[in-house]
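In: Quick one, what's the 3D model for this:
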Amino acid sequence: MFKVGEKAPEFCLPNQDEIEICLRDLEGKWVILYFYPKDNTSGCTTEACEFTEAMPDFEGLDAVILGVSPDSPQKHRNFIEKKKLQITLLADEEKNVLESYGVWQLKKMCGKEYMGVVRSTFIINPKGNILSFWEKVRVKGHVAAVKEKLKELQA
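Out: Here you go, the predicted structure:
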């Protein structure tokens, strides 16, 4: 995985409106980059809704929230409209960014192995360095933990 302080892998991905978002364009801002398996599933919906609810707090901390999954921009748009989300979702259909962040991994469920997204979150500072990250995230309480860690890093 990554070492704290390491440069975050660069990326450019389309958002829900098919507008390309690149990490380099966010220089000078804190970035909360979270990876999740699939739109409109229970854990992913809870996480997206909690990040949406906390958005004013993150904006107050000069942070941008970006969710990334292998779903298409159109699926993201539908998810956002259905759940009234305020966050930006990025589509990594080729899985290149998922792989560069090490979150596209072999998973097991019900005795079957398959490749999938390991729910993970990264805090990237205004200079583009990873200052904190979580792997195998449990959704309950996660957004609050990210917010507290961001406050701590900014202190």
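In: How many residues are close by Val139?
Out: Counted by other CB atoms under 10 Å, the residues lying close to Val139 total 16. Heads up, the C-betas are built off the backbone N, CA and C, glycines and all.
In: Could you do Leu13 as well?
Out: By the criterion of other CB under 10 Å, Leu13 has 20 neighbours.
In: ok, now how distant is the closest residue to it other than its chain neighbours from Ile80?
Out: Closest residue in space to Leu13, ignoring its immediate chain neighbours: Leu90 at 4.0 Å, by CB to CB, 6 or more residues apart in numbering. For Leu90, the distance to Ile80 equals 12 Å [CB to CB, to the nearest Å].
In: likewise Gly128?
Out: Note on Gly128: its distance to Ile80, by CB to CB, is 26 Å.
In: for Tyr100, what are its contacts?
Out: Tyr isn't right for residue 100; it's Ser. 9, 11 (CB atoms under 8 Å, 6 or more residues apart in numbering).
In: i'd like the first residue to be 29 from this point on
Out: Noted, 29 is the first residue going forward, which turns the last one into Ser128.
In: got a pLDDT number for it?
Out: Looking at Ser128, its pLDDT stands at 96.
In: Same question for the one 10 residues further on.
Out: According to the prediction, Cys138 has pLDDT 87.
In: returning to that earlier point: Gly156 and Ile108 - which one has more neighbours?
Out: Neighbour count, other CB under 10 Å: between Gly156 and Ile108, Ile108 has more, with 21 against 17.
In: Now the more buried one. Nearest residue, chain neighbours left out?
Out: Spatial nearest neighbour of Ile108, chain neighbours left out: Gln44 (5.4 Å); criterion: CB to CB, 6+ apart.
In: And Val145, by the same measure?
Out: Using CB to CB, 6+ apart, the closest residue to Val145 is Pro65 (4.4 Å).
In: Secondary structure of Arg105: a strand, I assume?
Out: No - counting by DSSP: H, G, I helix; E, B strand; the rest coil, Arg105 is not part of a strand but helix.
In: residue contacts, the closest residue to Tyr64 other than its chain neighbours?
Out: Of all residues not flanking Tyr64 in the chain, Cys72 sits nearest, at 4.6 Å (CB to CB, 6+ apart). Residues in contact with Cys72, defined by CB under 8 Å, 6+ apart, are 64-66, 97.
In: same check, this time on Trp162
Out: Contacts of Trp162 (CB under 8 Å, 6+ apart): 148-149, 170, 173-174.
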